[in-house]
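>>> Sequence and predicted structure are below.
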Amino acid sequence: MTFRCILPAAALAALLATPAAAQRELTVETTELRGGIVMVNSGIAGNLAVLPGPDGVLVIDNHLPDTGPATEAAIADIAGTGVPRFILNTHWHGDHTGGNHHFAHQGTAIAAHHNVRERLLAAAAEWTEADGALPIITFGHDLTFHMNGQTVTATHVPGAHTDGDVIVHFPEADVIHMGDLFFSGLFPYIDLDSGGSVAGYIAAQRRGLAMAGPDTWIIPGHGPLSTRAELAAAADMLEQAQRRVAALVEQGLSLEEVMDENPLADLGETWSWRFITTERMTAILYRDAASQ
């Protein structure tokens, strides 16, 4: 069985709460970037970045709880070994951390921001309570790896997609992994219940743009390999959408009335997708604006 749809964390809640009957197969696409970095896109979860080399393998994110062996095999096809020395989680959602327990049992050290560990501890789900699911290396503002000829810096951006997001920068290779701070060509999911905010999300995207140059490859959490121009378009779209909905909130309109106004109708023609539809994006923006 292969899966080709992209699922945000909220849409995965029921799936992640239920143990899988069997290990899931993956159909992956790999793209080799500069500096030996390889992007892995499976279509069912977040995009990975793999940095192989003599210092061991570093992997950014992993997949769902029932994909550990398949993810390990995909990494082995790239690096010769499927067991990374380190995995760095960009945030806590299960389509990016679900394989933590599998790889921890193989000897991989898991690293993440402090809040990722706290969110996993608080989730109280079977997959988060599995042995090894929690990062054993945590940090506050940033963390830097020096591996395989590359500097790899994870910088925390507060209150964005969640409260534990990091932007991962490979400056020598001119590659950035944005995690779920970037859904390329799609309305983003902003997890307000996990400390996320619309303003913080936009600020994080602007932070990524400040790191990027004209030739930078940007790995989104979901979607295809992208450029600075595509990240800028996503940030501009979200700012415009935020302004439209906030203006209606300031007028005292209810959520139902805002939905009737359909302020994102023209944007939805391009950015709406299966899980973050125009209506759901409007509801997220409304809730965020009404809480200010």
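It's in. What you see is a predicted model; the values in this text were computed from it and never measured. Numbering: from 1, shown residues only.
>>> can you confirm Thr30 is in a strand?
Yes. Counting by DSSP: H, G, I helix; E, B strand; the rest coil, Thr30 falls inside a strand.
>>> would you put the C-alpha positions of stretch 166-176 in PDB?
Provided in PDB are the C-alpha atoms of stretch 166-176 (Å, rounded to 0.1, in the frame of the first residue of the first chain):
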ATOM      1  CA  VAL A 166      13.200  25.600  14.600                       C
ATOM      2  CA  ILE A 167      14.600  26.800  11.300                       C
ATOM      3  CA  VAL A 168      17.500  24.600  10.200                       C
ATOM      4  CA  HIS A 169      20.200  26.300   8.200                       C
ATOM      5  CA  PHE A 170      23.100  24.700   6.300                       C
ATOM      6  CA  PRO A 171      25.000  27.900   5.400                       C
ATOM      7  CA  GLU A 172      27.900  26.400   3.400                       C
ATOM      8  CA  ALA A 173      25.400  24.400   1.300                       C
ATOM      9  CA  ASP A 174      23.000  27.300   1.100                       C
ATOM     10  CA  VAL A 175      20.100  25.100   2.100                       C
ATOM     11  CA  ILE A 176      17.300  25.800   4.700                       C
END
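>>> Quick check: buried residues in it?
By neighbour count with 16 or more other C-beta atoms under 10 Å, stretch 166-176 contains the buried residues Val166, Ile167, Val168, His169, Phe170, Ala173, Asp174, Val175, Ile176. C-betas here are computed from N, CA, C, even on glycine.
>>> Low-confidence regions, the protein specifically.
1-23 (pLDDT under 70).
>>> how does it look with 80?
Within the chain, the stretches with pLDDT under 80 are 1-25.
>>> Would you map the strands across the stretch 51-200 of the chain?
Secondary structure of the stretch 51-200 of the chain (DSSP state E, counting those that start in this stretch): strands located at 58-60, 86-88, 109-113, 137-139, 142-147, 150-156, 166-170, 175-177.
>>> Columns distance to Ala73 on top of those, output as a markdown table?
Below are those laid out as a markdown table (distance: least, C-beta to C-beta, whole Å):
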| stretch | distance to Ala73 |
| --- | --- |
| strand 58-60 | 13 |
| strand 86-88 | 16 |
| strand 109-113 | 19 |
| strand 137-139 | 25 |
| strand 142-147 | 22 |
| strand 150-156 | 24 |
| strand 166-170 | 23 |
| strand 175-177 | 21 |
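>>> Quick one: closest of those to Ala125.
Minimum separation from Ala125 across those (C-beta to C-beta) falls at strand 109-113, 16.8 Å.
>>> What count of nearby residues applies to Gly98?
Residues within reach of Gly98, counting by other C-beta atoms under 10 Å, total 28.
>>> try the one 4 residues further on
A total of 24 residues lie near His102 under the criterion other C-beta under 10 Å.
>>> For the nearest residue in space to it that is not next to it in sequence, give me its contacts.
Nearest in space to His102, with sequence neighbours left out and distances taken as C-beta to C-beta, 6 or more residues apart in numbering, is Gly68 at 2.7 Å. Shown in contact with Gly68 (C-beta atoms under 8 Å, 6 or more residues apart in numbering): Gln23, Asn62, Gly99, His101, His102, Phe103.
>>> Pick out whichever of those residues sits closest to Ser184.
Of all these, Ser184 sits closest to Asn62, with 19.6 Å by C-beta to C-beta.
>>> now the residue nearest to the closest one when sequence neighbours are not counted: how far from Leu267?
Excluding the flanking residues, the one nearest Asn62 by C-beta to C-beta, 6+ apart is Gly99, at 3.4 Å. Applying C-beta to C-beta, to the nearest Å, the value for Gly99 to Leu267 is 34 Å.
>>> before we move on, what about Gly46?
Separation of Gly46 from Leu267 (C-beta to C-beta) stands at 24 Å.
>>> Among these two, which residue is more densely surrounded?
Gly46 (32 against 18).
>>> Excluding chain neighbours, what is closest to the more buried one?
Closest to Gly46 by C-beta to C-beta, 6+ apart is His96, at 4.3 Å.
>>> ok, of the contacts of Gly68, which come out buried?
Asn62, Gly99, His101, His102, Phe103.
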